[in-house]
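A.B. asks: Structure, please.
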Amino acid sequence: MQIRFEKFDYVEGRHRYCIVRLSQTLFGEWCLEQAKGPIGSPGGQQRRAYFTQHGEAVQNFEILRDTQIKRGFVPIPVQLGLL
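C.D. replies: As a prediction, the model looks like this:
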């Protein structure tokens with residue numbers, strides 16, 4: 001699962017993104033990854049958390065999603081390229 005969020009603040013001239021991704025590792029754990037930073041500028045942050053249970057990972061994914069929406073971010077549809 002992956003969701004991309006963007007937030008545009010025209011008053012302050014700040015444009016930010018946040019990507020929340022949930023994937024399974026080679027060892028069977030679940031990795032919840034969050035990347036965020038300014039759009040069009042260098043810099044940003046990445047954070048990863050690992051879970052052994054899928055349900056716990058999905059619950060934390062939904063908490064991150066809801067938190068970003070409350071902070072004013074808007075989900076953007078992302079198209080994945082075909083291989």
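
A.B. asks: Name the residues linked to residue 45 by a beta bridge.
C.D. replies: residue 36 (DSSP bridges).

A.B. asks: didn't it look like it was pressed against residue 33?
C.D. replies: No. In terms of C-beta atoms under 8 Å, residue 45 does not count as a neighbour of residue 33; the distance is 11.2 Å. (C-beta placed from N, C-alpha, C; glycine too.)

A.B. asks: Of these two, give the one with the bigger neighbour count.
C.D. replies: residue 33 (16 against 9; other C-beta atoms under 10 Å).

A.B. asks: Spatially, and excluding backbone neighbours, which residue is closest to that one.
C.D. replies: Nearest in space to residue 33, with sequence neighbours left out and distances taken as C-beta to C-beta, 6 or more residues apart in numbering, is residue 21 at 4.6 Å.

A.B. asks: Now do the buried residues in the helix or strand in which that neighbour is found.
C.D. replies: Element membership of residue 21 [criterion: DSSP states H and E] is strand 14-24. Using 16 or more other C-beta atoms under 10 Å as the burial criterion, the residues of strand 14-24 that qualify are 16-20, 22.
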